[in-house]
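**Student:** 3D, please:
(chains A and B)
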Amino acid sequence: MADTASYPKPGTAYRPSRAGEYGRMLRKDFAKNKYIYALSLIGIAYYLIFKYVPMYGALIAFKNYVPSKGILESPWVGFKHFQDFFGSHYFWRILRNTLLINVYELIFAFPAPIILALLLNEVRRSSFKRMVQTITYLPHFVSLVVICGMLIDFSQKAGLLSTILAWFGVERQNLLLNPDLFRSLYIGSGIWQGIGWGSIIYLAALTSIDTQLYDAATVDGANRWKQMLHVTLPGIMPTIVILLILQIGGMMNVGFEKIILLYNSQTYETADVISSFVYRRGILEANYSYSTAVGLFNSLVNFALLLIANRISRKVNETSLW
Amino acid sequence: MTHRSIGDKLFDTCNYILLSGLMIVTLYPFLYVLFASLSTPSELVKHTGILWKPAGFYLEGYKLVLKNPMIAVGYKNTLFYVTAGTVLNVFFTALFAFVLSRRDLYWKKYMMMMIVFTMFFSGGLIPEYMLIKNLGLLDTRWSLIVPGLIATWNLIIMRTSFQSIPYELEEAAKMDGASDWTVFAKVILPLSVPLLAVMVLFYGVAHWNAWASALIYLRDRDLFPLQLVLREILIQNSTTETTNLSTASDPFLGEVVKYATIIVATVPILIVYPLIQRHFTKGVMIGALKG
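**Tutor:** As a prediction, this is how the structure comes out:
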């Protein structure tokens, strides 16, 4: 590896086998690279302060945080907040909502950009292809507030979406006040906004497929559909797997930004998720310790899911994040 | 021309129909908003469903939006957050990526591990809020800039790209007596202009669209970014309060004002979009292929 080129290879006389030698190497490194280390100070400080200090701050999940006493002086309460949370009737509601939204997203939203990329790949006329891409990327750039504002407006009783659904026999109503429809609207609008943008990464992966494979498939008598299934799809499989792992690693994260824009007290039953609950309890009601415990539970489950997904993937098809 | 079977033609036809449908579904909501914003309020309210053209013609809505002081304040603040934020973001991301791309740094591996770990695990919303509060950044403009100074994903993209710059160039510069800083400023940055442009766009659009951190960290309305103002108008439906509609003659004016607000707030991004789309795609591809 070029990274370690200027350091002694393992097994040579300089190999740091004792702490003293290790320290000497460190000192040498600092002396040699002191300006580089100086340049990195702000970056290191940024990560320590804004990423690692909050991890330390998460300690208050195990304490009864009193602002006047600070994090260190506040009394320990062990797992009390976790027990309170697991025992409350909110627990099952927000866990179910968080997981259901994610499962539906995996089933419906995750494959959508893949399908679009496959279809775009089959378009031979490049002007048409460019036009589809330009238009479908567009909603990604429009802010979430505007998108949700439009969605709320279209969902009114006389709104555009209600009218279109009425053609299919759905009773006219304010769609966003109906808890049964919340998840569909959340995921449907997500697909609408993200399908084009999401397809870019797969289109990038597609460019690296060897065109000879298509010629070979044609010789073997594969039609377009078969080629898509047996050449194109396997070609982008590693990309799909990596993105799937990341998606599973974020299973517990349903962005609170979109939820708090769209939900209302009438739809909490299906719309309230862990992150929106943490926001309400923590920021609006200032229950710091309790909501930190809820957030920490969320982060831990997420991290565990990521590790599991990565391990399974490495076993099954030798693609993994690390 | 290769031979096309009936199956192939059928496949192509279905494909074109599906993709055209997708384009219509994507585009029409924006057209609807445009038509509605130009409609006469009383006729718009009577109308339900599809709009093919503005119902009547009316510009009063736009006049009210442009006269709304909160929209002006929001625009001004967002302009500040986008410019100042993006400049600081790109500079410090590039600087740290430069450090992490050095090949002979002993600690680098551990630094990278510490950084990548933060992509998968975080302290959570509340500890972050408490940190900002304890640092005294609450209700200041810095609260929207400093906590997001370096986006880890962008840092990794830049680092990967810097690593692919031939090392000989830096060695030559160092032979001529250049310091590490000079190598960064005079060798690495000038060779990375396209990448820097992509980063400016990534960070710039993120600042333009950001609102959640403002919702959490800001109370002072004079500091609100545009998106937070939009939330009040579009989501919380407080058109009357922000535009003094009570004095206006038409009781349905609020509806039209809402649509006009969407247009006024979205036009800037629609104008720059055709110019930046290509660069953006390139940025995503760099991230995809090398990440």
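**Student:** low-confidence bits of the chain, can you list those?
**Tutor:** All of this is about chain A. For chain A, the stretches flagged by pLDDT under 70 are A:1-18.
**Student:** right idea, wrong chain: chain B
**Tutor:** Filtered on pLDDT under 70, chain B yields the residue ranges B:1-4, B:238-251, B:287-291.
**Student:** A:Leu120 - nearest residue in space that isn't next to it in sequence?
**Tutor:** Once flanking residues are discounted, A:Leu120 sits nearest to A:Lys129: 5.8 Å by CB to CB, 6 or more residues apart in numbering or on different chains. Using the backbone N, CA and C atoms, a C-beta is placed for each residue, glycine as well.
**Student:** in this structure the one you found contacts A:Val123, no?
**Tutor:** Yes. Here A:Lys129 reaches A:Val123: they are 4.4 Å apart, a contact under CB atoms under 8 Å.
**Student:** so which strand or helix has B:Thr86?
**Tutor:** helix B:69-101 (DSSP states H and E).
**Student:** now that helix: buried residues?
**Tutor:** Within helix B:69-101, the residues that qualify as buried by neighbour count (16 or more other CB atoms under 10 Å in any protein chain shown) are B:70-71, B:73-75, B:77-78, B:80-82, B:85-86, B:88-90, B:92-101.
**Student:** just stretch A:36-51 next, same as before
**Tutor:** Going through stretch A:36-51 with 16+ other CB under 10 Å, the ones that come out buried are A:36-37, A:39-40, A:42-44, A:46-47, A:50-51.
**Student:** C-alpha coordinates for it, PDB please?
**Tutor:** In PDB, the C-alpha atoms belonging to stretch A:36-51 read as follows (Å, rounded to 0.1, in the frame of the first residue of the first chain):
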ATOM      1  CA  ILE A  36       0.300  18.700   8.400                       C
ATOM      2  CA  TYR A  37      -0.900  18.100  11.900                       C
ATOM      3  CA  ALA A  38      -1.400  21.800  12.400                       C
ATOM      4  CA  LEU A  39      -3.500  22.000   9.300                       C
ATOM      5  CA  SER A  40      -5.700  19.200  10.600                       C
ATOM      6  CA  LEU A  41      -6.400  20.800  13.900                       C
ATOM      7  CA  ILE A  42      -9.700  22.400  13.000                       C
ATOM      8  CA  GLY A  43     -10.900  19.200  11.300                       C
ATOM      9  CA  ILE A  44     -10.100  17.100  14.300                       C
ATOM     10  CA  ALA A  45     -11.600  19.700  16.700                       C
ATOM     11  CA  TYR A  46     -14.800  19.700  14.600                       C
ATOM     12  CA  TYR A  47     -15.200  15.900  14.800                       C
ATOM     13  CA  LEU A  48     -14.400  15.800  18.500                       C
ATOM     14  CA  ILE A  49     -16.700  18.600  19.500                       C
ATOM     15  CA  PHE A  50     -19.600  18.100  17.200                       C
ATOM     16  CA  LYS A  51     -19.600  14.300  16.800                       C
END
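**Student:** which residues touch that stretch?
**Tutor:** Outside of stretch A:36-51, the residues that reach it under the criterion CB atoms under 8 Å, 6 or more residues apart in numbering or on different chains are A:30, B:92, B:95-96, B:98-100, B:102, B:105, B:111, B:114-115, B:118, B:122-123, B:128, B:131, B:146-147, B:149-150, B:180-181, B:184.
**Student:** quickly note the distance from the residue nearest to B:Lys282 when sequence neighbours are not counted to B:Ile150.
**Tutor:** By the measure of CB to CB, 6+ apart, the closest residue to B:Lys282 outside its immediate chain neighbours is B:Val198, 6.3 Å from it. Distance, B:Val198 to B:Ile150, using CB to CB, to the nearest Å: 16 Å.
**Student:** swap in A:Leu165?
**Tutor:** When CB to CB is the yardstick, A:Leu165 and B:Ile150 sit 44 Å from each other.
**Student:** what about the two, which has more around it?
**Tutor:** Of the pair A:Leu165 and B:Ile150, B:Ile150 is the one with more neighbours under other CB atoms under 10 Å in any protein chain shown, namely 23 against 17.
**Student:** what sits against that one?
**Tutor:** Listed by CB under 8 Å, 6+ apart, the contact set of B:Ile150 reads A:43, A:46-47, B:89, B:92-93, B:96.
**Student:** all the helices of the stretch 201-322 of chain A, in order from the start?
**Tutor:** Under the criterion DSSP state H, counting those that start in this stretch, the stretch 201-322 of chain A carries helices at the ranges A:211-219, A:224-227, A:233-249, A:256-262, A:268-271, A:274-278, A:288-317.
**Student:** and the stretch 51-200 of chain A, by the same measure?
**Tutor:** Under DSSP H, counting those that start in this stretch, the stretch 51-200 of chain A gives helices at A:53-57, A:70-73, A:80-87, A:89-104, A:111-121, A:126-141, A:144-154, A:160-167, A:182-206.
**Student:** can I get those helices in TSV with distance to B:Lys9?
**Tutor:** What follows is the helices of the stretch 51-200 of chain A, written out as TSV (distance: least, CB to CB, whole Å):
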stretch	distance to B:Lys9
helix A:53-57	58
helix A:70-73	69
helix A:80-87	59
helix A:89-104	36
helix A:111-121	16
helix A:126-141	16
helix A:144-154	37
helix A:160-167	31
helix A:182-206	23
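**Student:** so which of these gets nearest B:Asn237?
**Tutor:** Between B:Asn237 and the helices of the stretch 51-200 of chain A, the shortest gap by CB to CB is with helix A:144-154, which sits at 8.4 Å.
**Student:** how many other residues sit next to A:Met251?
**Tutor:** Every residue meeting other CB under 10 Å relative to A:Met251 is counted, giving 20.
**Student:** got it, and B:Gly123?
**Tutor:** Taking other CB under 10 Å as the criterion, the count of residues near B:Gly123 is 26.
**Student:** sec struct for it, please.
**Tutor:** Using DSSP: H, G, I helix; E, B strand; the rest coil as the criterion, the local structure at B:Gly123 reads coil.
**Student:** is it true that it touches A:Tyr56?
**Tutor:** Yes. B:Gly123 is in contact with A:Tyr56 according to CB under 8 Å; the separation is 7.3 Å.
**Student:** do stretch A:303-321 and chain B meet?
**Tutor:** Yes. Where contact is defined by CB under 8 Å from any CB of the partner chain, part of stretch A:303-321 touches chain B, namely A:303, A:306.
**Student:** from the buried residues of stretch A:36-51, which land in helices?
**Tutor:** When DSSP state H defines the helices, the subset of the buried residues of stretch A:36-51 inside them is A:36-37, A:39, A:42-44, A:46-47.
**Student:** going by distance to chain B, which of those residues wins?
**Tutor:** Nearest to chain B, judged by CB to the nearest CB, of these is A:Gly43 at 3.2 Å.
**Student:** from A:Ala112, how far off is the residue nearest to A:Leu120?
**Tutor:** A:Lys129 sits 18 Å away from A:Ala112 when distances are taken as CB to CB.
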